[in-house]
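Peer 1: no FASTA, just this:
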């Protein structure tokens, strides 16, 4: 693992550059951009780390743009069931694009001297690896990002840093126009629009709204059911946030987080916020290992159906208790307006029924 934060060495003889892309979580601060999030729904840990490490390669480059390319090209290196080794960063099985054989709407590029290059079988060239480089382009801009003295297009660290180098047109370059830079990568306007849309969605999610991070780190739907009747004569005292099973659930604010298992909420968390408020979330499928003092955006667990939510669609039951401290009586308020603001970039629908 140590090589993934080593020196970046260009295989073309360029200078060394110290990798400083540390993984942090988005928190409020006075001035400056928010640090990149430690987890993003839909992006595995290894490619996320590579995107963020390369995100400041030159002025004007943001890690979200690299993530957009990785998403559109190969689903972050997961095409055909591929996965990345967490230690080496290499994606296996190796990913190859369709042969450039001159078929309709496809240019013809014979394999020539690239036969056998990183597994290319011929007789036609193909894009290679998680960032889908043609052999000539990768060779011209290649960077050995993980310091193993081999620039490997199948290695996420090398491929992503090489993509950054290509977009920036060298370490001394800059990106003044993202669309123009992306059109060098792929000349399709539709491709560029898709990459930019993905990047912009990631950027909007990473910023807390009114001091609160969306507690569900992924596409989510919900409606205002505050006060609605529930089993046993209860009233609903929270908001049910429906999302895919296993979507990360994160701390909405910094504070002290505790696990809280009970028959109704199942696997639940309690968060005594540094903002003076108390936050409660229920029906997790599993806990993370991050409890105790946490930062906003820290993964606490994952969306599920534990407790009395069994048989319903996966969701997070979420509550806010203003001013409540340890030992105080329950004091919930309707959390829907808060999550509607903080989760606006992730919200995909008004909601589902069947929560608790």
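Peer 2: In hand now; what should we look at? Note that this is a predicted model, so its numbers are computed, not measured. Residues are numbered from 1 along each chain as shown.

Peer 1: Can you pull out the low-pLDDT segments for this structure?
Peer 2: For the chain, applying pLDDT under 70 flags the ranges 1-35, 38-39, 41, 204-207, 349-356.

Peer 1: Show me which strand runs longest in it.
Peer 2: strand 278-287 (DSSP state E).

Peer 1: buried set for the helix or strand that that one is followed by?
Peer 2: Where DSSP states H and E defines the elements, the next helix or strand beyond strand 278-287 is strand 292-294. Buried residues in strand 292-294, counted by 16 or more other CB atoms under 10 Å: residue 294. The C-beta positions use only the backbone N, C-alpha and C, and glycine is treated the same way.

Peer 1: Pull up the pairing partners for whichever helix or strand comes after strand 292-294, direction included.
Peer 2: Next helix or strand after strand 292-294 toward the C-terminus (DSSP H and E): strand 299-303. Strand 299-303 sits in its sheet next to strand 248-250 (antiparallel), strand 278-287 (antiparallel), going by DSSP bridges.

Peer 1: Next, the buried residues of the longest one.
Peer 2: It stands for strand 278-287. 278-285, 287.

Peer 1: and which of those is nearest to residue 98?
Peer 2: residue 285 (37.5 Å; CB to CB).

Peer 1: OK, contacts around the nearest residue to that closest one once chain neighbours are set aside?
Peer 2: Spatially, and ignoring its direct neighbours in sequence, residue 285 is nearest to residue 304 (2.6 Å; CB to CB, 6 or more residues apart in numbering). Residue 304 makes contacts with 245-246, 266-267, 283-286, 314, as judged by CB atoms under 8 Å, 6 or more residues apart in numbering.

Peer 1: Apply 6 Å and report the result again.
Peer 2: 283-285, 314 (CB atoms under 6 Å, 6 or more residues apart in numbering).

Peer 1: closest one to residue 103 among the strands paired with strand 299-303?
Peer 2: strand 248-250 (41.3 Å).

Peer 1: Quick one: the helices in the stretch 251-356 of the chain, in order.
Peer 2: Assigned by DSSP state H, counting those that start in this stretch, the stretch 251-356 of the chain shows helices spanning 336-342.
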